[in-house]
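Student: Just the structure for this:
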Amino acid sequence: MNDEIINALHATKEHLAQDAEFDIKRLIESVQREEVTSAAQGRIVLQPPSENRAPSVFQQIRFAPH
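Tutor: Next up, the predicted model:
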């Protein structure tokens, strides 16, 4: 990946953590509020995959015993 993109991601992560005063519960609440706002504005908010789904081919290869 491009270092510029990685640096931007790290800066964003740090900014969000500072806004929540490094409190994980406040950070989660903030993200959840943003998801509700985004969905209300018509944006697609992706949900994490269910825990009971089959592993992807990548996971099967990556975590295969060697």
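Student: Tell me the predicted confidence for D19.
Tutor: For D19, the pLDDT comes out at 93.
Student: Now do the contacts for it.
Tutor: Applying Cβ atoms under 8 Å, 6 or more residues apart in numbering to D19 gives the contacts S30. C-beta coordinates here come from the backbone N, C-alpha and C atoms, glycine included.
Student: repeat that with 10 Å
Tutor: Counting by Cβ atoms under 10 Å, 6 or more residues apart in numbering, D19 makes contact with R26, L27, S30.
Student: Can you turn the buried part of these into a PyMOL selection?
Tutor: Here is the PyMOL command that selects only those of those that count as buried (16 or more other Cβ atoms under 10 Å):
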select buried, resi 27
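Student: neighbouring contacts of stretch 39-49?
Tutor: E34, E35, V36, T37, S38, S56.
Student: In space, what's closest to the second one - neighbours in sequence excluded?
Tutor: With sequence-adjacent residues excluded and distances taken as Cβ to Cβ, 6 or more residues apart in numbering, E35 is closest to V45, at 4.8 Å.
Student: Quick check: the residue nearest the centre of the chain vs G42, distance?
Tutor: For the chain, P48 is the residue whose C-alpha lies nearest the centre (Cα atoms, centre = their mean; 8.9 Å). P48 is 21 Å from G42, where distance means Cβ to Cβ, to the nearest Å.
Student: Quick one: the helices in the chain, in order.
Tutor: For the chain, helices defined by DSSP state H occupy the ranges 3-19, 24-40, 57-62.
Student: ok now the first one, how far from the chain's centre?
Tutor: Just to be clear, that refers to helix 3-19. In terms of Cα atoms, centre = their mean, to the nearest Å, the centre of helix 3-19 is found 12 Å from the chain centre.
Student: got the angle between it and helix 24-40?
Tutor: 110 degrees (axes from the mean of the first three to the mean of the last three Cα atoms, to 10 degrees).
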